[in-house]
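Visitor: predicted model, plus sequence, below.
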Amino acid sequence: MAPPGGRAQEPPPERRALPGTSYDDARGRGAVPEHASQARRRQEDHGDRRLHRLLPPGHRARHPRGRHDPGHGQSDINRENYELGLPCIKKAGVAHKVDFREGPALPVLDLLQDEKNLGSFDFVFVDADNYLNYHERLMKLVRLGGLVGYDNTLWNGSVVLPDYTPMRSYIRHYRDFVLQFNRTVADDDRDEICQLPVGDGITLCRRVK
Ligand SMILES: C[S@@+](CC[C@H](N)C(=O)[O-])C[C@H]1O[C@@H](n2cnc3c(N)ncnc32)[C@H](O)[C@@H]1O
């Protein structure tokens, strides 16, 4: 979208360098799902609640205007992949808030399963493997009304194709896992789900119980 009377702003070089990223905010910020969901959530769930965090209370930074500022936890088995996006994180001035844990996500989530973290996360995005294992842990870590987003849940469209359809081997290989995951979150009465048919499909699970 172009700003009033002007041309659409060019993405900064950091964003242009990253494949698959978008830059569509006329005021010069990238589109961050939290912005939209945060505003709606304030209205729907918590009235004036301004506290927003991905990390437990001990990790919160103070917002310059005196409000609590959200922290961000991030985990990846491969540090290089995290570092790929780091220039954007730094340029946005939020690097000090990111608590990066290198290693497989499951042990990281297990470490977080203690009293002070349960129900403390607002939003989690999952884009790795073992979704079912993550889902069990994440349903305990997100707060009521919090969201978990799972990427690739359309799995190249294969989830709606008949079994006999020819498919690339890695699509075929993981298809049953994706189907099982989709069924499980659809049947799970702890969440409400919404399928976003963008890219390879994102399933949003909102914790309601
Ligand atoms: C498809 S990439 C997505 C990265 C990022 N979400 C993005 O869209 O740019 C998947 C990432 O998950 C990481 N990953 C794969 N299996 C993992 C695991 N078991 N634990 C933690 N990270 C894992 C990979 O190293 C890779 O960086």
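Guide: Looks like it came in fine.
Visitor: residues of the chain that sit close to the ligand?
Guide: Contact residues, the chain versus the ligand (Cβ under 6 Å from any ligand atom): Ser75, Asp76, Ile77, Asn78, Asn81, Pro104, Ala105, Asp127, Ala128, Asp129. For glycine as for every other residue, the C-beta is placed from the backbone atoms N, C-alpha and C.
Visitor: return the list of helices and strands in contact with the host helix or strand of the fifth one.
Guide: In this structure, Asn81 sits in helix 79-91 according to DSSP states H and E. Contact partners of helix 79-91 among helices and strands, from 3 or more Cβ pairs under 8 Å, 6 or more residues apart in numbering; DSSP states H and E: helix 13-16, strand 98-102.
Visitor: tell me the mean pLDDT over the shortest one?
Guide: Think helix 13-16. Confidence over helix 13-16 (mean pLDDT, whole number) is 51.
Visitor: and the longest strand seen in the chain, what does it pack against?
Guide: The strand that spans the most residues within the chain, counting by DSSP state E, is strand 142-151. Under the contact criterion of 3+ Cβ pairs under 8 Å, 6+ apart, strand 142-151 touches helix 33-41, strand 121-126, helix 131-141, strand 202-207.
Visitor: just checking: what are the partner strands of the last one?
Guide: In the sheet containing strand 202-207, the strands it pairs with under DSSP bridges are strand 142-151 (antiparallel), strand 191-196 (antiparallel).
Visitor: hang on, the earlier thing: which one of the residues of the chain next to the ligand is nearest to Leu204?
Guide: Taking Cβ to Cβ as the measure, Leu204 sits nearest to Asp127 out of the residues of the chain next to the ligand, at 13.4 Å.
Visitor: assess the claim that the closest one and Asn152 are in contact.
Guide: Yes. When contacts are counted by Cβ atoms under 8 Å, Asp127 is listed as touching Asn152 (7.1 Å).
Visitor: which of those two has more neighbours?
Guide: Neighbours were counted for Asp127 and for Asn152 using other Cβ atoms under 10 Å; Asn152 has more, 18 against 13.
Visitor: which residue packs closest to the more buried one, ignoring adjacent ones?
Guide: Asp200 (4.5 Å; Cβ to Cβ, 6 or more residues apart in numbering).
Visitor: host element of that neighbour?
Guide: Per DSSP H and E: nothing holds Asp200, as it lies in no helix or strand.
Visitor: mind listing the residues bridging to the closest residue to Cys194 other than its chain neighbours?
Guide: Closest residue to Cys194 apart from its sequence neighbours, by Cβ to Cβ, 6+ apart: Leu204 at 4.6 Å. Using DSSP bridges, the bridge partners assigned to Leu204 are Gly149, Cys194.
Visitor: one step back: contact partners for the residue nearest to Asn152?
Guide: Contact analysis of Asp200 by Cβ atoms under 8 Å, 6 or more residues apart in numbering lists Asp151, Asn152, Thr153, Leu154, Trp155, Asn156.
Visitor: okay, the fourth one: pLDDT?
Guide: Think Leu154. 98.
Visitor: so how far is Val148 from the residue nearest to it when sequence neighbours are not counted?
Guide: Distances taken as Cβ to Cβ, 6+ apart place Gly201 nearest to Leu154, at 2.8 Å, with adjacent residues excluded. Computed as Cβ to Cβ, to the nearest Å, the Gly201 to Val148 distance reads 15 Å.
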